[in-house]
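Peer 1: model the structure of this input:
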Amino acid sequence: MVVNYKKLNPNGFYCLQYFNDITIRFLVLYGGSSSGKSYSCAQSILIQTLYDGENTLVMRKVGASILKTIYEDYKVAAEGLGIRSYFRFTQNSIRCIYNGARIDFSGLDDPEKIKGISNYKRVQLEEFSEFELQDFKQIRKRLRGKLGQQIIMTFNPISESHWIKKDYLDKEKLHEIPMEVYIGGKKIPEELTKVKRLLMNEPKSVLNARTGEIEEHPSDTIVIQSTYLNNFWVVGSPNGKYGFYDEQCIADFEKDRLEDPDYYNVYALGEWGILRTGSEFFGSFNKGKHMDKVEFNEKLPIHISVDSNVLPYITISYWQIDFEDGKHLWQFHETAAENPNNTVRRSARLVAERLHKWNYTGKVCLHGDASTKSANNIDDEKRSFHDLFISSLNERGIEVEDMIASTNPSVSMSGEFINAIFEGSIPGLSITIGDKCRISMEDYQSVQKDANGGILKTRVKNKMTMQTYEEHGHFSDTFRYVVCDLMREEFIAFSNKRKRNLYARDGFVTFYNPETKCEYSDSLCYVMPNVDGKFLLLYGKKCGELWHIVDIVYSDNVSTDSMKGAILERQADSIVIECSDAYFTFVRMMRESSDADIRVLKEVPNVDTRIAATTDYVRSLIKFNEHEANENIEYGKFITALFDYNKDSQNKEASAILSGFIQYVVKLN
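Peer 2: Model prediction:
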């Protein structure tokens, strides 16, 4: 057989060389688009089929996508090579009329093809990134029984946390090898074989099951990374005498380089990365600007932020903050405690081991999900995740300062706050993500917004364990917790000024100036003793036609004595208590303790309806105290909760009591 080298790209030369090397089991072709991976593979398999008469199976994850994609590549490749007449093309199969060999096409959704996979010499996995790890394992195990069987994989890299990189390539000890190709005993000119990178794995020591002797298994994996610059039908041949210089294609890549660097990085340069969709939760995060080399500073305390979900891992991020010039926060390490370390005690042990490795003897500041404080049956003593995690660190000599807030910050608002910091629009605040925090960085780049501005946490299923879990968002949650804790004052001030809530006029809640003298004609203390476990009180004063909310109580787990004290302390002209029947005894006690006009209202059955019906009145009649919103934690939490309300939200208590307050005063007038 004589092959005209002017028909091939570098990928094609490598395929032909390694198809005839029986020591090579895996051939990985990845890189940018238009690099000729799939087409070169099709050319080489057609040539090899003519040469050795062996069968090939070409697979995609979904069979329906084959005919218009890879099958068409084989047709065009046969025409381009001038060997179309040697093959008969039928649906999902190509038969060589010269020697009877077949090239079959199948999706992984056809289980019969997997069962009979041992009949093939080669298996090509097209768009390999669409396959799952378990798919790959099954194909590897079933391809057996013939000398020199091979699996060829072609794909564009996307996510750095994709299993292909994390669970396959990164576990192979790959090293670069010379870009040399010998076919038929002759060396192909070097300028025709240049690709971005050519890698091979190291030999392995294996135990021979028959002899019991330890043997060296030779290198069996070749990885070829290529880009459009290695495709002679995009940039022309090295000598300019064949191929094609595609000016429009090259100009399009150049446009991506200038306007969409992330897209260019993946689809032009063929590097691992994340493609932006435009709906990222951290839309202002820029890997080039906000990722850098950062180190642990032994002079500063360590802050760790924890997310307690056990699947896919218990999440721990490590932070430090410098207050010397504004507030500069940086993440310098991460722990993704996967099985078998995804228990409270084992994940805490990993943290302790890491701290001891750094010789850190200071106090650790703990941040995280407020719900982890709730008692449960996590151990025989019914301790919460939070308590057991702290206890496990204490047992290993780690002193912990609990800085977990009583309530979690608004998801959407905290995302906006962090994006504003990344944009540089909040003076004095900055955040840097360490370049070693690869899982975190991928999470920050991947997480998408849902319809309400929160984090879209897509659930996936592990096909082996059948367990479902949220694939992304866990490191992003730890990120939100620590930022909102350490930059709390700025976060509350930012939240209070955001233009994004149900009650906003032109996108802004209105405030009154407490320093301006105002003659108040009436005062009202409106109380809801239990709204989703919270005690809420609004104390308002009437100024003309407007009501100023001068004070707010927004607390968890309040005793009846504390509620009584809070109500009486305001000395309002009127007191309204909206409650269930269970609080009627409390109302009676209040009437015995105060001369004020105390009225009781039953809880409304549909609070969302009342909220929707009263929003216009809130806009026109209610004003808040901006100073209190910035300085008073409970007042600020109330405003934040008010901003975060939507019909599907679980956080309705602020809107619920405000709608009750305004309905009462409107009726009163």
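
Peer 1: give the phi and psi angles for Lys173, as a check.
Peer 2: Backbone dihedrals for Lys173, given as degrees, to the nearest 10, come out at phi -90, psi 90.

Peer 1: need the nearest residue in space to it, chain neighbours excluded.
Peer 2: Nearest residue to Lys173, sequence neighbours excluded (C-beta to C-beta, 6 or more residues apart in numbering): Glu202, at 4.2 Å. Where C-beta positions appear, they are placed from N, C-alpha and C, glycine not excepted.

Peer 1: now do that neighbour against Gln149, distance only.
Peer 2: For Glu202, the distance to Gln149 (C-beta to C-beta, to the nearest Å) stands at 21 Å.

Peer 1: my guess is Met441 contacts Asn286. True?
Peer 2: No: if you go by C-beta atoms under 8 Å, Met441 and Asn286 don't touch, sitting 11.2 Å apart.

Peer 1: of those two, who's got more company?
Peer 2: Higher neighbour count among Met441 and Asn286: Met441, with 23 against 14, using other C-beta atoms under 10 Å.

Peer 1: ok, now which ones touch that one?
Peer 2: 160, 287, 291, 433, 435 (C-beta atoms under 8 Å, 6 or more residues apart in numbering).

Peer 1: check Lys436 too.
Peer 2: Lys436 neighbours (C-beta under 8 Å, 6+ apart): 332-334.

Peer 1: let me see the confidence value for it.
Peer 2: Per-residue confidence (pLDDT) for Lys436: 91.

Peer 1: most neighbours among the contacts of Met441, which one is it?
Peer 2: In terms of neighbours by other C-beta under 10 Å, those top out with Ile433 at 24 neighbours.

Peer 1: ok, it touching Trp330?
Peer 2: Yes: Ile433 lies in contact with Trp330 (C-beta under 8 Å); the separation is 7.4 Å.

Peer 1: how many residues are close by the nearest residue to Met589 once chain neighbours are set aside?
Peer 2: Nearest residue to Met589 in three dimensions, chain neighbours excluded: Lys564, at 6.9 Å (C-beta to C-beta, 6+ apart). For Lys564, the tally of surrounding residues (other C-beta under 10 Å) stands at 16.

Peer 1: was I right to think Lys564 contacts Met590?
Peer 2: Yes: counting by C-beta under 8 Å, Lys564 touches Met590, with 6.4 Å between them.

Peer 1: worst-scoring helix or strand of this protein, pLDDT-wise?
Peer 2: helix 111-115 (a mean of 64; mean pLDDT, DSSP states H and E).

Peer 1: next helix or strand past it?
Peer 2: strand 122-126 (DSSP states H and E).

Peer 1: in the contacts of Met441, find the pair that's most separated.
Peer 2: Glu160 and Ile433 (13.2 Å; C-beta to C-beta).

Peer 1: any regions of the stretch 51-200 of the chain where pLDDT drops low?
Peer 2: 110-113 (pLDDT under 70).

Peer 1: in this structure, which residue sits furthest out from the middle?
Peer 2: Within the chain, Asp595 marks the point farthest from the mean C-alpha position, 56.9 Å out by C-alpha atoms, centre = their mean.

Peer 1: element containing it, please.
Peer 2: Going by DSSP H and E, Asp595 is not in any helix or strand.

Peer 1: how much space separates it from Leu538?
Peer 2: For Asp595, the distance to Leu538 - C-beta to C-beta - is 21 Å.

Peer 1: cool, and Thr458?
Peer 2: For Thr458 relative to Leu538 (C-beta to C-beta), the value is 39 Å.

Peer 1: go on, Ser159?
Peer 2: 47 Å.

Peer 1: try Gly31
Peer 2: 61 Å.

Peer 1: ok, now Leu29?
Peer 2: 65 Å.

Peer 1: same check on Arg345?
Peer 2: Applying C-beta to C-beta to Arg345 and Leu538 gives a distance of 44 Å.

Peer 1: please apply the same query to Ser410.
Peer 2: Relative to Leu538, and taking C-beta to C-beta, Ser410 is found at 20 Å.

Peer 1: repeat that for Gly415.
Peer 2: Note on Gly415: its distance to Leu538, by C-beta to C-beta, is 28 Å.

Peer 1: and for Met589?
Peer 2: 21 Å.

Peer 1: buried ones in stretch 562-581?
Peer 2: Under the neighbour-count criterion of 16 or more other C-beta atoms under 10 Å, stretch 562-581 has 563-564, 566-567, 570, 572, 574-579 buried.

Peer 1: ditto for stretch 42-61
Peer 2: For stretch 42-61, by 16+ other C-beta under 10 Å, it's 42-50, 54-61.

Peer 1: chain center to it, what's the gap?
Peer 2: A distance of 38 Å separates the centroid of the chain from that of stretch 42-61, by C-alpha atoms, centre = their mean, to the nearest Å.

Peer 1: thinking again about what came up before, got the buried residues of stretch 562-581 as CSV, with distance to Lys373 columns?
Peer 2: Output for those, formatted as CSV (distance: C-beta to C-beta, whole Å):
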residue, distance to Lys373
Met563, 22
Lys564, 26
Ala566, 23
Ile567, 27
Arg570, 30
Ala572, 33
Ser574, 37
Ile575, 32
Val576, 32
Ile577, 29
Glu578, 28
Cys579, 26
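
Peer 1: show me the residues you listed that map onto helices.
Peer 2: Among the buried residues of stretch 562-581, the members falling in helices (DSSP state H) are 563-564, 566-567.

Peer 1: all helices for the stretch 401-550 of the chain, in order.
Peer 2: Per DSSP state H, counting those that start in this stretch, the stretch 401-550 of the chain carries helices over the ranges 411-423, 438-446, 474-486, 488-497.

Peer 1: C-alpha coordinates for the last one, CSV please?
Peer 2: The C-alpha atoms that make up helix 488-497 are tabulated as CSV, following Å, rounded to 0.1, in the frame of the first residue of the first chain:
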residue,chain,number,x,y,z
ARG,A,488,-20.6,41.6,57.1
GLU,A,489,-20.9,45.3,57.5
GLU,A,490,-20.2,45.9,53.8
PHE,A,491,-22.6,43.1,52.8
ILE,A,492,-25.5,44.5,54.8
ALA,A,493,-24.9,48.0,53.4
PHE,A,494,-24.7,46.6,49.9
SER,A,495,-27.9,44.5,50.4
ASN,A,496,-29.8,47.5,51.6
LYS,A,497,-29.0,49.5,48.5
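
Peer 1: thanks again, I'm all set now.
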